[in-house]
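Student: Sequence first, predicted model second:
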Amino acid sequence: MINKKVNNVQEALKGVENGMTFMLGGFGLCGIPENAIAELVKLNIKNVTCISNNAGVDDFGLGLLLQKKQIKKMISSYVGENQEFERQMLSGELEVELTPQGTLAEKCRAAQAGFPAFYTPAGYGTEVAEGKETREFDGKMYVLEPAFKADFAFVKAWKGDAAGNLIFKGTARNFNANMCGAAKITVAEVEELVPVGELDPNNIHIPGIFVQRIFQGTNYEKRIEQRTVRK
Amino acid sequence: MDKIGIAKRIAQEVQNGFYVNLGIGIPTLVANYVREDIEVEFQSENGVLGMGPFPFEGEEDADIINAGKQTITTLPGASFFDSATSFSMIRGKHVHLTILGAMEVSQNGDIANWKIPGKMVKGMGGAMDLVASAENIIVAMMHTNKEGESKILKQCTLPLTGVGCVKKVVTNLAVLEVKNNAFYLLERAPGVSVEEVQKATEGTLIVEGEIPEMRI
């Protein structure tokens, strides 16, 4: 067993620097790497590019980095839940590359799988395709989209072991699974770090080979963005 | 007719055996009005198939949400998956029907629903992937904006989400089919005349024969 375990978030984030590109898992606030985000705020790493489907809310998730103006550029598909984000974007302080959600996921998966680029129909004929190579296959038009390149991927899983194996829960799997192994270094934080051998190999969602560092996360808030109940 | 009426009418388009993706807003309501004697599974692009109703109070789970970030439940037979797999279902045409909202549609089937330059920029989310891939797209929307201006246009004025992809539009006034670079009036909302639909439609409206009222 190759040991990926580090003792805490400080060790896990060793090597992060100003100006780097980070991938962060999560959909809305569901499955976001809360510990890594808190540490990036503490370290005051600046000028970073963040690849994340959303940008958190004003006072949680990536919104915390936005508040401190640590983010130079965001690559996201939907940012409607964050007013500070919208303000920084409309005023030109923040560079934003809005990317169709399926394309965003596939750009992660392509990086994970070693594909330099892929063709997708999403965005053809819209401003998303401007300046990009297009090509016809079987009478339909497609846009060439390159894989992401990132320095760190920060992901959050439900359970994991020191070998780096991960299991996600519910819809918290989202982009987390696709970002593993898609950056130079993948850092996984888990709600439960279990002894090696305890996870059934049949049930592993992400094999440890895609993860360089894993640590037991702490103090998960797991905030719900839209608490909706039946009457 | 209100948003509920639109949802009820669109629910009639959902057929037995369909996997259906519902957008945020009016489309989400459609699930409430689908016939109970057919088997349908709802997909949410954040990674769940087999979505059920909202949870009872106290049973909310932060790890189980829909694409609108609302807490949900799952039904027997449900599954969870990652985002790339989710869009494989969509891009790979495994999802049979996509229902989504729009700010504008045009008579050649273009749709705009993600950006108002300089004013509102929330992003396209999964909408561009959905409209570029789905064979069967129904748009749920109000026929006019708050100022009474038509959103059913010759040409969209807002940045596009997709080109030539919309086949059917259900509004508070009418059911329209988009073909031959025009809107064909299929049904009128209860109590709405053909003239009223005509007045609220900026794009070319084709009226052939007697136009029935929606049955909802």
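Tutor: Structure received. Residues are numbered from 1 along each chain as shown, chains lettered A, B, ... in the order given.

Student: got a list of what residue B:39 touches?
Tutor: Residues near residue B:39 by Cβ atoms under 8 Å, 6 or more residues apart in numbering or on different chains: B:16-17. No exception for glycine: its C-beta is placed from N, CA and C like everyone else's.

Student: give me every residue that touches the residue lying closest to residue B:135 once chain neighbours are set aside.
Tutor: Excluding the flanking residues, the one nearest residue B:135 by Cβ to Cβ, 6 or more residues apart in numbering or on different chains is residue B:93, at 6.1 Å. The contact partners of residue B:93, by Cβ under 8 Å, 6+ apart, come to B:133-135.

Student: does chain B sit close to the helix or strand of chain A with the lowest mean pLDDT?
Tutor: Taking mean pLDDT, DSSP states H and E as the measure, chain A has helix A:83-90 as its least confident helix or strand, at a mean of 86. Yes - using Cβ under 8 Å from any Cβ of the partner chain, helix A:83-90 comes into contact with chain B via A:86, A:89-90.

Student: Centroid-wise, who is the farthest residue in chain B?
Tutor: Going by Cα atoms, centre = their mean, the residue of chain B most distant from its centre is residue B:58, 30.6 Å out.

Student: you'd agree it is in a helix?
Tutor: No - using DSSP: H, G, I helix; E, B strand; the rest coil, the assignment for residue B:58 is coil, not a helix.

Student: helix or strand right after the least confident helix or strand of chain A?
Tutor: Per DSSP states H and E, the first helix or strand lying C-terminal to helix A:83-90 is strand A:95-98.

Student: Let me see the mean pLDDT of that next one.
Tutor: Per-residue pLDDT over strand A:95-98 has a mean of 95.

Student: what's the answer for stretch B:177-190, then?
Tutor: Rounded mean pLDDT across stretch B:177-190 is 98.

Student: List the contacts of it.
Tutor: Residues external to stretch B:177-190 that are found in contact with it (Cβ under 8 Å, 6+ apart): B:1, B:5, B:9, B:105, B:107-109, B:152, B:166-169, B:171-176, B:194, B:197, B:201, B:203-208, B:211-214, B:216.

Student: mind running it again at 6 Å?
Tutor: B:1, B:107-109, B:166-168, B:173-176, B:203-207, B:211-214 (Cβ atoms under 6 Å, 6 or more residues apart in numbering or on different chains).

Student: ditto for stretch A:132-145
Tutor: A:103, A:117, A:119-121, A:123-124, A:129.

Student: cool, stretch A:161-179 as well?
Tutor: In contact with stretch A:161-179 (Cβ under 6 Å, 6+ apart) are residues A:1, A:3-5, A:23, A:25, A:27, A:30-31, A:53, A:105, A:108-109, A:153, A:155-160, A:188, A:194, A:196, A:199, A:204-206, A:208, A:211, A:214, B:46-48, B:63-65, B:80, B:82-84.

Student: thinking again about what came up before, from the residues of helix A:83-90 next to chain B, keep the buried residues only.
Tutor: Neighbour counting with 16 or more other Cβ atoms under 10 Å in any protein chain shown marks A:86, A:89 as buried within those.

Student: thinking again about what came up before, and which of the contacts of stretch A:132-145 is nearest chain B?
Tutor: Among the contacts of stretch A:132-145, residue A:121 lies closest to chain B (Cβ to the nearest Cβ), at 3.9 Å.

Student: And that closest one, how close does it get to residue A:53?
Tutor: To residue A:53, residue A:121 is 20 Å away according to Cβ to Cβ, to the nearest Å.

Student: Looking at those two, which is more packed in?
Tutor: Using other Cβ atoms under 10 Å in any protein chain shown as the criterion, residue A:121 and residue A:53 rank with residue A:53 on top: 27 against 22.

Student: How about the contacts made by that one?
Tutor: Going by Cβ under 6 Å, 6+ apart, residue A:53 touches A:27, A:76-77, A:175.

Student: Would you list the strands that the worst-scoring helix or strand of chain B on mean pLDDT pairs with, along with their directions?
Tutor: Scoring the helices and strands of chain B by mean pLDDT, DSSP H and E places strand B:120-121 at the bottom, with a mean of 78. As defined by DSSP bridges, the strand partners of strand B:120-121 come to strand B:115-116 (antiparallel).

Student: Chain neighbours aside, what residue packs nearest to residue A:60?
Tutor: In space, residue A:60 is closest to residue A:223, 5.6 Å off (Cβ to Cβ, 6+ apart).

Student: tell me the phi and psi of the one you found?
Tutor: Main-chain torsions, residue A:223, degrees, to the nearest 10: phi -70, psi 140.

Student: Alright, that wraps it up for me.
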